[in-house]
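Visitor: Build me a structure from this.
(2 chains)
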Amino acid sequence: MRRKDWILLGGLLILGLLPLVGEAYTLRLGTMACMYAVMAVSWNVIGGMAGYPSFATAAFFGLGAYTGGVLLAAGSPLTVAIVAAGALAFAGAMLLGAVLMRLRGHYFAIASLAVAEVLRELTNSATDLTGGGMGLNIPLSLSGGAGMMDTATFYFLAMWGLLFIAVIVVGFIERSRLGFGLACIRQNESAADMIGVNSTLYKSLAFAFSGVFVAMAGTLYAGWVHYIEPPDVYDILFAVKPIVMVLLGGLGSTAGAIIGAFTFLGIEEVVWRNYLQVHTGVLGFLVVVLLLFLPHGIVSIGRRVRSLRAGHG
Amino acid sequence: MFTLQILANGVVLGCLYACIAVGFSLVWGVLNVINLMHGSFIVLGSYLAWGAYNALGLSPWASLAIAAPLFYALGYLVQRGVLNRVIAAPVLVTLTLTFGLDLILNNAMLLGFKADYRKLLLDPPLGSVAWGSVVVPVDRIIAMLLALALTAILYVILRKSRIGRAIIAVRLDRDAARLMGVNVATTYAAAFGLGAAMAGCAGVLLALIFPISPLSATPYLGKAFVVCVLGGLGSVPGAVLGGLILGLVESFGAFAFGPEHAVTLSFALLILFLIFRPQGLLGKRGFE
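Guide: Here you go, the predicted structure:
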């Protein structure tokens, strides 16, 4: 492992100490930050490593929230619900990947976007199972009489733990045959096919790994907020935000994705609190400015400043 | 006997869908950009018609003449000022950029017009015509005919006019077109402007039929996607064919499975087409 990776892991461990110092609001922000980071790190597997513009994050999140939510409402323990949601998302993504992953460019982007729409409509119409448009109530499952702070701490640590696992798994993928194969696919897919990379399998695996942790985060979210409804968890913004975070942090690196997620949450929180009426507009403005003026993310600022100095010095 | 009525509804809807999709298809085909603002352009066009009718007493037919140049200018400026800077970037960048622009536009419309549903009510109402058991409102028939006329005008512009030929040349081979003296940046901006003008005009026509709200932008965008994939990218006849298919599928699907499944049905169709016939029914490389 390189020095950068140790810094990343150390930083994450320090973040885990937040419950020692934080109050309820800080813990809520921390939980959101970890959730966003899980999404961004996961998206990086398909979008950054394989170079496929996936808009399926919302689909995975909603699927996980509803799978976990239905199980939790039926009285199963949280761990079972999380594992079930992750397994379903992984299996579903592998199956779907076999067909979706043959598409490229815009066609892939749209097909992946459509998955969330279809799942949302299905969830809406399966009223008996999911409550349909009425939404789904999830009982306050955590050990009966625990106080508000205990619950907040519990869900923060759970989401943080999930982020930690996601970062480690994605790190392994990066260094494995799979990661190497994905890099080949990103650079030249036909050439990767020629040298014997099983590209459909690899891309499907990348798609599945981009979904499994997001689905688990969805289950945690459902347990955390106690009430979910289809427009809330299948929100198209959940498909776009991870992309903005990764672009914000710098495409292709796990550390960049996490930094991007935290920065994004910070900006979002400030905008939400001060300019509720125009918060989507401000988000849009941020996206436009970012893409036009900072296409390689925050990480590139240092590099740019150095090259400017070198140029003028 | 129901069948004929559903058929008539489907055809009316289909012609309007064709008009929604043809500008979207032009931009996608020529610039290789998916313009996620297309739905908001349509809604903005509807607001223009609504405002012109209620504030100035201008009939929607007259609004068309205002909407076309206004939206052409808007599209031209957006392409020239913003999109053109990243036109050569990967799909992800252009797609996300238009998404960001759409967030701004949609938020502005929410602030300006609120999320209330509005309706353009003609006074006096035009009534409806009946052939046997089939009843169709007159305003829908006029909207349908105008939608077809607009689509035909775009077809003629692309085939006969100088800028239309330039657009097709750039789509076929950008580098060769540049060598022949075609200004690619201007051509891109013109294509984007034409796409926006079609969206704005479609919005004016839709104001006669559907309630107007910023929330309708996404469904319109979804329809444009589906029509493009069904009919095939890069052809006006393809957009008409795709529009008609979608209109008929939605009408008959709503009748057979219930209206709440119309969206699922059209997206299922979309995914099937993407897998088995991604070039669509009439797709081709040139834009004719």
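
Visitor: Tell me the residue of the stretch 101-250 of chain B that sits nearest chain A?
Guide: Nearest residue of the stretch 101-250 of chain B to chain A, counting by C-beta to the nearest C-beta: B:L103, 2.9 Å away. Every C-beta, even on glycine, is put in place using the N, C-alpha and C of the backbone.

Visitor: Spell out which parts of chain A neighbour chain B.
Guide: Within chain A, the residues that sit near chain B (C-beta under 8 Å from any C-beta of the partner chain) are A:47, A:51, A:53, A:99, A:102-103, A:105-107, A:109-111, A:114, A:117-118, A:121-122, A:124-125, A:236, A:240, A:243-244, A:247, A:277-281, A:283-288, A:291-292, A:295.

Visitor: The residues you listed in helices, which ones?
Guide: In this view, those that belong to helices under DSSP state H are A:99, A:105-107, A:109-111, A:114, A:117-118, A:121-122, A:124-125, A:236, A:240, A:243-244, A:247, A:279-281, A:283-288, A:291-292.

Visitor: Of those, grab the buried ones for ChimeraX.
Guide: Here is the ChimeraX command that selects only those of these that count as buried (16 or more other C-beta atoms under 10 Å in any protein chain shown):
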select /A:99,106,107,109,110,111,114,117,118,121,124,125,236,240,243,244,247,279,280,281,283,284,285,286,287,288,291
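
Visitor: in which helix or strand would I find the closest residue to B:P125 other than its chain neighbours?
Guide: Spatial nearest neighbour of B:P125, excluding adjacent residues (C-beta to C-beta, 6 or more residues apart in numbering or on different chains): B:D139 at 7.8 Å. Assigning secondary structure by DSSP states H and E places B:D139 in helix B:138-160.

Visitor: So which elements touch that helix?
Guide: Under the contact criterion of 3 or more C-beta pairs under 8 Å, 6 or more residues apart in numbering or on different chains; DSSP states H and E, helix B:138-160 touches helix B:2-31, helix B:60-81, strand B:128-131, helix B:162-172, helix B:184-207, helix B:236-257.

Visitor: Deepest-packed of the ones you listed, please.
Guide: helix B:184-207 (a mean of 26; mean count of other C-beta atoms under 10 Å in any protein chain shown).

Visitor: who touches the residue of the stretch 151-288 of chain B found nearest chain A in this structure?
Guide: Proximity to chain A, evaluated over the stretch 151-288 of chain B using C-beta to the nearest C-beta, is greatest for B:T264 at 4.2 Å. Under the criterion of C-beta atoms under 8 Å, 6 or more residues apart in numbering or on different chains, the contact list for B:T264 reads A:V118, A:E121, A:L122, A:S125.

Visitor: which one among those gets closest to A:F262?
Guide: Minimum separation from A:F262 among the contacts of B:T264 (C-beta to C-beta) is found for A:V118, which lies at 32.1 Å.

Visitor: Now do the same contact list for the closest one.
Guide: If a contact means C-beta under 8 Å, 6+ apart, then A:V118 has B:T264, B:F267, B:A268, B:I271 as its contacts.

Visitor: now with 10 Å?
Guide: By C-beta atoms under 10 Å, 6 or more residues apart in numbering or on different chains, the residues touching A:V118 are A:A59, A:Y234, B:V263, B:T264, B:L265, B:F267, B:A268, B:L270, B:I271.

Visitor: Turn the residues you listed into JSON lines, columns for distance to A:T67.
Guide: Rendered in JSON lines, the data for the contacts of A:V118 read as follows (distance: C-beta to C-beta, whole Å):
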{"residue": "A:A59", "distance to A:T67": "12"}
{"residue": "A:Y234", "distance to A:T67": "13"}
{"residue": "B:V263", "distance to A:T67": "22"}
{"residue": "B:T264", "distance to A:T67": "19"}
{"residue": "B:L265", "distance to A:T67": "24"}
{"residue": "B:F267", "distance to A:T67": "21"}
{"residue": "B:A268", "distance to A:T67": "21"}
{"residue": "B:L270", "distance to A:T67": "24"}
{"residue": "B:I271", "distance to A:T67": "21"}
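
Visitor: By neighbours, which of those wins?
Guide: In terms of neighbour count, A:A59 stands highest of the contacts of A:V118 at 30 neighbours, by other C-beta atoms under 10 Å in any protein chain shown.

Visitor: Now it: which helix or strand?
Guide: Assignment of secondary structure by DSSP H and E places A:A59 within helix A:57-73.

Visitor: relative to helix A:105-125, how tilted is that helix?
Guide: Using axes from the mean of the first three to the mean of the last three C-alpha atoms, to 10 degrees, one finds that helix A:57-73 and helix A:105-125 are set 20 degrees apart in direction.

Visitor: what's the model's confidence in helix A:57-73, averaged?
Guide: Averaged across helix A:57-73, the pLDDT comes to 93.

Visitor: State the number of residues packed around the residue nearest to B:M37 when sequence neighbours are not counted.
Guide: What sits nearest to B:M37 in space, not counting adjacent residues and going by C-beta to C-beta, 6+ apart, is B:D102, at 4.6 Å. Applying the criterion other C-beta under 10 Å, we find 23 residues in the vicinity of B:D102.

Visitor: if we can go back for a sec, kindly reformat the contacts of B:T264 as CSV containing pLDDT and distance to B:V226.
Guide: What follows is those, written out as CSV (pLDDT from 0 to 100; distance: C-beta to C-beta, whole Å):
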residue, pLDDT, distance to B:V226
A:V118, 83, 12
A:E121, 84, 14
A:L122, 86, 18
A:S125, 84, 19
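
Visitor: and which of those residues is nearest chain B?
Guide: Each of those was checked against chain B using C-beta to the nearest C-beta; the closest is A:E121, at 4.2 Å.

Visitor: surely that closest one meets B:F257?
Guide: No. Here A:E121 lies out of contact with B:F257, judged by C-beta atoms under 10 Å, at a distance of 11.4 Å.

Visitor: thinking again about what came up before, so the residue of the stretch 101-250 of chain B closest to chain A is in which element?
Guide: Assessed by DSSP H and E, B:L103 sits inside helix B:91-113.

Visitor: Neighbours of the residue of the stretch 101-250 of chain B closest to chain A, how many?
Guide: Look at B:L103: counted by other C-beta under 10 Å, it has 25 neighbours.

Visitor: Excluding chain neighbours, what is closest to it?
Guide: Leaving aside its sequence neighbours, B:L103 sits nearest to A:G284 (C-beta to C-beta, 6+ apart; 2.9 Å).

Visitor: how much space between that neighbour and B:M37?
Guide: Taking C-beta to C-beta, to the nearest Å as the criterion, A:G284 is separated from B:M37 by 10 Å.
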